[in-house]
Structures are given as C-alpha cells and as structure tokens.
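>>> With the input below, show me the fold.
(one chain, ligands or ions: 2)
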Amino acid sequence: MAVYTEVPEDALAAFLEGYDIGRPVACHGIAEGVENSNFLLKTTQATFILTLYERRVNPDELPWFLGLMQYLAQHGLSCPLPVADRQGRTLRTLSGRPAAITTFLPGGWSRQVDVDMCAQVGGALARLHLLGEGYVAERPNSMGPQAWTDLLRACRARGDEVRPGLIRAIADTLARVLPAWPGTGGNPSLPRGQIHADLFPDNVFFRDGKLSGIIDFYFACTDWYAYDLAITVNAWCFDDMGRFVPTRARAMVEAYRHVRPLEDAEDAALATLATGAAIRFTLTRLYDWINTPPDALVTRKDPLDYLARMEFFASRMDEGFL
Ligand SMILES: Nc1ncnc2c1ncn2[C@@H]1O[C@H](COP(=O)(O)OP(=O)(O)OP(=O)(O)O)[C@@H](O)[C@H]1O
Ligand SMILES: N[C@@H](CCO)C(=O)O
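Ligands and ions are numbered 1, 2, ... in the order given. Reported below is the predicted structural model:
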C-alpha cells in the first residue's frame with residue numbers, strides 16, 4: 001500500500017482553502033502504487049487525486065513533471081491535470097511533504113492484458129511522443145545506462161542471494177548492451193523527446209474496453225522515443241508465465257507506427273533497447289528487493305520476471321524480436 005504520510009483533517013481543510021475547488025468531503029488513502037502517498041479527495045465540487053511526494057522523487061524536479069502533465073493534458077492527452085491554487089501554484093507543501101492536486105481520471109487499470117489493449121497502448125504512446133514535442137524543457141533520464149552501472153555495483157554484494165549467478169548474468173548482458181546503445185561510440189542517435197518511461201499496465205486506465213487515461217509521469221524524461229516503446233513492450237507483451245507474446249508486441253508496434261512511423265535506425269535498435277529496458281527494471285527491482293525489509297508496507301516486485309525478459313531480448317539482439 002502507499003500511504004507513507006498521514007494528512008490530518010484540519011491540515012487538509014487549511015490546505016484546501018488555498019484552492020478554488022470546494023471544501024473537503026472525504027479523503028481516503030489509495031492502497032495502490034509504491035512510490036508516493038496518494039489520496040482520493042472528494043470536495044463539494046468534484047473528485048481529485050492528492051499526491052504527497054516521497055522517496056525517489058527529487059522535489060526540484062516536480063515542476064518539470066507537473067509542467068509536462070499540464071502541457072499534455074491541455075493539448076489533448078487524457079492524463080491528470082495538475083490543479084493550480086488561487087495563486088497559480090500547482091506544487092505546494094502538506095504534512096511536511098511536497099504535494100499536488102490533480103484531476104481524477106475515470107476508468108481503472110486492467111490485470112488482464114490482450115492484443116487489442118496492446119494496440120491501444122502503442123497508439124497512445126506514439127501520441128504522447130508527438131504531443132510532447134511542444135514541451136521543450138529537458139529532463140535527463142536518471143534511470144538510464146549510467147544508473148544501471150551504479151545500481152549493479154550497489155547490488156553486487158547481495159544480489160546472488162536472490163538467485164545464484166544473477167549478478168554475473170546482468171553484468172554480462174550489460175557489457176553487450178552498453179557498446180550497442182544508441183548515441184554512444186559509433187552508434188547512430190535516434191529521434192528523442194519526452195518519454196513516459198514507466199508505461200506499465202497499472203499506469204494505463206481503460207473504461208468499457210477503451211483506453212481512458214495515462215497516469216504516473218514521475219519517471220518521465222527526455223530520451224529516445226524507441227526506448228519508451230521498448231519499455232512498454234517489456235511491460236505488456238509477456239504472459240503470466242513470463243512467455244513473450246509476439247501478437248501483442250506486433251499489435252503494439254504496428255499501432256505505434258501508424259501514429260508515428262519508426263525510422264530504420266529505430267527498428268534496428270529495438271531489441272537492444274528492449275534488453276536495456278529489461279536490465280533497468282531487473283536492477284531497480286533487485287535494489288528494492290535487497291533494500292526493503294520483508295515486513296515493510298510496500299509490496300516488493302520480483303526482479304526475476306525482468307531477468308527472464310532480459311535473457312529473451314538479449315537472445316534476439318541480432319535478429320530482432322518482431
Ligand atoms: N489521476 C488519477 N485518477 C484516478 N486515479 C488515480 C489517479 N492518479 C492515481 N490514481 C490512483 O492511485 C493509484 C496509485 O497511483 P500511482 O501509480 O501514480 O502511484 P505511485 O505510488 O506514484 O506510483 P507507482 O505506480 O510507480 O508505484 C493508481 O493505481 C490509481 O488507482
Ligand atoms: N513499474 C515499475 C515500478 C515503479 O514504477 C516496476 O514494475 O518495476
């Protein structure tokens with residue numbers, strides 16, 4: 001569950017006086033998510049999401065994230081719109097934490113993934129990339145290849161407790177991926193811009209079978225568009241047994257291409273990018289696995305799910321996976 005910081009009733013009422021969104025009616029912690037404290041906030045006017053930022057979010061970067069969400073929402077993407085207070089500020093402080101209120105999106109995320117959903121997600125991701133072109137401020141990817149090397153070092157001492165040989169397997173794959181990474185050495189750069197970087201099923205809402213919104217932009221950054229597609233293929237195109245589902249991946253990539261055609265160099269790099277994406281999630285999950293006590297409130301995610309994806313994509317780095 002994710003409510004790390006409590007919000008007393010009187011503090012909330014005082015906080016909301018700074019906004020023009022009505023008086024509080026109810027405010028309940030939301031159990032989902034692991035990064036921030038989220039509350040479903042009902043006021044006399046409407047329903048909102050109140051987020052208190054915790055842990056991994058750097059407060060200095062919040063204006064960039066909120067600015068991106070505001071830009072995308074105002075330009076037609078269905079994503080949470082940060083609500084400004086009476087003085088025009090979207091970022092405030094509550095219970096000693098940076099805090100923001102955003103609009104509530106209808107729908108919910110689906111635990112069952114199918115080919116049609118993958119196609120919708122591919123199309124929405126391409127639209128996000130195109131819309132983001134108008135948001136010019138850049139944010140480097142703090143979870144990019146440099147961070148993987150640092151995370152691997154931080155996990156080296158205890159990683160093999162999760163599975164013997166795990167650290168060597170990641171290190172060997174990383175040693176193949178880094179020299180092949182776009183924009184390094186002699187490898188061509190790829191089209192780049194604002195990417196979501198965490199478009200997992202729990203961050204995409206559906207309503208009556210139609211994609212109704214995208215949430216959680218707190219890993220968004222400026223990086224290769226095709227890397228975002230590779231992350232999204234990792235997150236959606238494997239079944240519950242961890243087997244790659246080619247029909248899902250083809251549907252997602254084709255729908256993406258339909259909105260934003262991929263250049264040849266992006267096509268050629270996709271398997272390398274997908275291997276790198278799998279390394280990223282194996283490592284962040286492994287780091288959390290090692291560093292989160294088993295009795296913590298947060299549910300730890302299994303790094304081995306992404307190790308299997310890493311091995312799959314690494315085996316396709318030369319011939320591609322589609
Ligand atoms: N704008 C929104 N509209 C409706 N529900 C939302 C909205 N934002 C968040 N939620 C709800 O809150 C839950 C947690 O949000 P979110 O995924 O952003 O949490 P987190 O802890 O920041 O991220 P993570 O998924 O990285 O753990 C979502 O699954 C959803 O139920
Ligand atoms: N989507 C990430 C968690 C945090 O964003 C994962 O599944 O590892």
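
>>> got the contact list for the residue nearest to M317 when sequence neighbours are not counted?
Leaving aside its sequence neighbours, M317 sits nearest to A271 (CB to CB, 6 or more residues apart in numbering; 4.9 Å). (Each C-beta comes from the backbone N, C-alpha and C, glycine too.) Contact analysis of A271 by CB atoms under 8 Å, 6 or more residues apart in numbering lists F313, R316, M317, D318, E319, G320, F321.

>>> So the helix or strand containing A271, near ligand 2 or not?
Secondary-structure assignment from DSSP states H and E places A271 in helix 264-291. Yes: Helix 264-291 is in contact with ligand 2 by CB under 6 Å from any ligand atom, via F281, T284, R285.

>>> And those, which is closest to ligand 1?
Looking at the residues of helix 264-291 next to ligand 2 and their distance to ligand 1, the nearest is T284, at 10.4 Å (CB to the nearest ligand atom).

>>> What is the burial count for the closest one?
20 (other CB atoms under 10 Å).

>>> That one is in contact with D150, isn't it?
No: T284 is beyond contact range of D150, at 11.3 Å (criterion: CB atoms under 8 Å).

>>> quick one: the strands in the stretch 101-250 of the chain?
192-195, 204-207, 210-214, 221-224 (DSSP state E, counting those that start in this stretch).

>>> nearest to ligand 2, of these?
strand 204-207 (11.5 Å).

>>> Check which helices and strands that closest one sits against.
Applying 3 or more CB pairs under 8 Å, 6 or more residues apart in numbering; DSSP states H and E, one finds that strand 204-207 makes contact with helix 115-132, strand 210-214.

>>> Need the winner for burial among these.
helix 115-132 (a mean of 21; mean count of other CB atoms under 10 Å).

>>> Name the nearest residue to the most centrally placed residue in the chain, ignoring sequence neighbours.
By CA atoms, centre = their mean, the chain has its centre lying nearest to D198, at 1.8 Å. Spatially, and ignoring its direct neighbours in sequence, D198 is nearest to F219 (4.2 Å; CB to CB, 6+ apart).

>>> Burial check on the one you found, number of neighbours?
Neighbours around F219, by other CB under 10 Å: 22.

>>> What's the local residue count around A314?
Neighbour count for A314, taken as other CB under 10 Å: 22.

>>> Now do the same contact list for it.
A314 sits next to T173, R176, V177, T275 when contact means CB under 8 Å, 6+ apart.

>>> Got a PyMOL select line for the buried ones in those?
To isolate the buried ones among these in PyMOL, judged by 16 or more other CB atoms under 10 Å, type:
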select buried, resi 173+177+275
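
>>> Dump the contacts of A314 into JSON lines; add distance to T292 and pLDDT as well.
Compiled in JSON lines, the contacts of A314 are given as follows (distance: CB to CB, whole Å; pLDDT from 0 to 100):
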{"residue": "T173", "distance to T292": "24", "pLDDT": "98"}
{"residue": "R176", "distance to T292": "29", "pLDDT": "97"}
{"residue": "V177", "distance to T292": "26", "pLDDT": "98"}
{"residue": "T275", "distance to T292": "26", "pLDDT": "98"}
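
>>> Which helix or strand contains A73?
Per DSSP H and E, A73 falls inside helix 62-74.

>>> That helix to helix 115-132, inter-axis angle?
On the basis of axes from the mean of the first three to the mean of the last three CA atoms, to 10 degrees, helix 62-74 is oriented at 110 degrees to helix 115-132.

>>> near ligand 1, anything from helix 62-74?
No: among the residues of helix 62-74, none lie within reach of ligand 1 under CB under 6 Å from any ligand atom; the closest is 9.2 Å away.

>>> do stretch 233-249 as well
No: on the criterion CB under 6 Å from any ligand atom, stretch 233-249 is out of touch with ligand 1, staying 11.4 Å away.

>>> cool, stretch 35-50 as well?
Yes: applying CB under 6 Å from any ligand atom, one finds stretch 35-50 touching ligand 1 at E35, N36, N38, I49.

>>> likewise stretch 280-291?
No: judged by CB under 6 Å from any ligand atom, stretch 280-291 stays clear of ligand 1, getting no closer than 10.4 Å.

>>> that older thread, could you flag which of the contacts of A271 are buried?
F313, R316, M317, F321.

>>> For the last one, which three-state class applies?
Right, F321. Here F321 is recorded as coil under DSSP: H, G, I helix; E, B strand; the rest coil.

>>> how about it, what does it touch?
F321 sits next to V233, F244, P246, A249, L270, A271, A274, F312, F313 when contact means CB under 8 Å, 6+ apart.

>>> Could you do W224 as well?
P182, G183, L190, P191, R192, I195, E266, A269, L273.

>>> Spell out which parts of the stretch 201-322 of the chain neighbour ligand 1.
D202, N203, I215, D216, Y218.

>>> quick one, what contacts the first one?
So the one you mean is D202. So D202 contacts E32, G33, W109, D216 (CB under 8 Å, 6+ apart).

>>> so where's the stretch 51-200 of the chain uncertain?
Scanning the stretch 51-200 of the chain for pLDDT under 70 picks out nothing.
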